[in-house]
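Asks: Sequence and computational prediction follow.
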Amino acid sequence: MTLARELLLLFVLPIPIASITWTVTHEEVFREPRDWCAARSKSCRRLYSRKFFYLFTCEYCFSHYVTAVLLFITRYKLLFDDWRGYLIAGFSLVWLANVYMSFFGRLRLEIRENRIEIAAAESRELGDVKPVQRGPKQSG
């Protein structure tokens with residue numbers, strides 16, 4: 001595999017990793033299993049049981065396992081053709097997937113804030129609600 005192809009895959013492969021990880025650890029479709037795992041991660045007697053269930057609630061932790069599965073499926077290696085290539089690829093993919101998830105989380109937060117501001121502005125136009133205050137109240 002050429003270096004250019006390796007680098008292209010380095011930026012493409014984290015997209016499905018981030019997508020799967022975000023869906024399992026944040027989205028409503030997996031809320032019930034995630035809540036169950038969160039409760040088990042606090043209530044299990046054995047340390048390894050608590051850590052196992054915690055994996056499904058932590059995006060950073062879960063991304064390592066999704067990456068390992070993707071590396072197994074794709075046989076992607078970065079810079080080296082032996083086990084070192086898997087190791088470098090694994091940590092690089094995890095890091096980039098988490099960067100992508102951070103961007104996505106920030107984007108969703110901004111979208112949510114914009115929707116709240118639009119709804120507040122529409123309500124003010126109709127005279128229904130007082131303006132939304134941001135931050136601490138100003139005395140004066």
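Replies: Received the coordinates, thanks. Keep in mind that this is a model prediction, so the values were computed, not measured. Residues are numbered from 1 along each chain as shown.

Asks: backbone phi and psi for K77, please?
Replies: For K77, the backbone dihedrals (degrees, to the nearest 10) come out as phi -130, psi 150.

Asks: how many neighbours does it have?
Replies: Counted with other Cβ atoms under 10 Å, residues neighbouring K77 total 20. In short, each C-beta sits where N, CA and C put it, glycine included.

Asks: Return the distance of it relative to F103.
Replies: 26 Å (Cβ to Cβ, to the nearest Å).

Asks: And F30, by the same measure?
Replies: Distance, F30 to F103, by Cβ to Cβ: 21 Å.

Asks: which of these two has more neighbours?
Replies: Each of F30 and F103 has its neighbours counted (other Cβ under 10 Å); F30 has more, 14 against 11.

Asks: got a list of what the more buried one touches?
Replies: When contacts are counted by Cβ atoms under 8 Å, 6 or more residues apart in numbering, F30 touches 23-24.

Asks: redo that, cut-off 6 Å
Replies: V24 (Cβ atoms under 6 Å, 6 or more residues apart in numbering).

Asks: same deal with W22?
Replies: M101.

Asks: mind redoing it with 10 Å?
Replies: Residues in contact with W22 (Cβ atoms under 10 Å, 6 or more residues apart in numbering) are 59, 62-63, 97, 100-101, 104-105, 108.

Asks: Can you convert these into a markdown table and add a column each for pLDDT and neighbour count?
Replies: Below are the contacts of W22 laid out as a markdown table (pLDDT from 0 to 100; neighbours: other Cβ atoms under 10 Å):
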| residue | pLDDT | neighbour count |
| --- | --- | --- |
| E59 | 91 | 18 |
| F62 | 94 | 19 |
| S63 | 96 | 26 |
| A97 | 96 | 27 |
| Y100 | 96 | 19 |
| M101 | 94 | 21 |
| F104 | 93 | 14 |
| G105 | 90 | 13 |
| R108 | 90 | 12 |
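
Asks: now, which of the residues you listed lie within helices?
Replies: With DSSP state H as the criterion, helices contain 59, 62-63, 97, 100-101, 104-105, 108 from among these.
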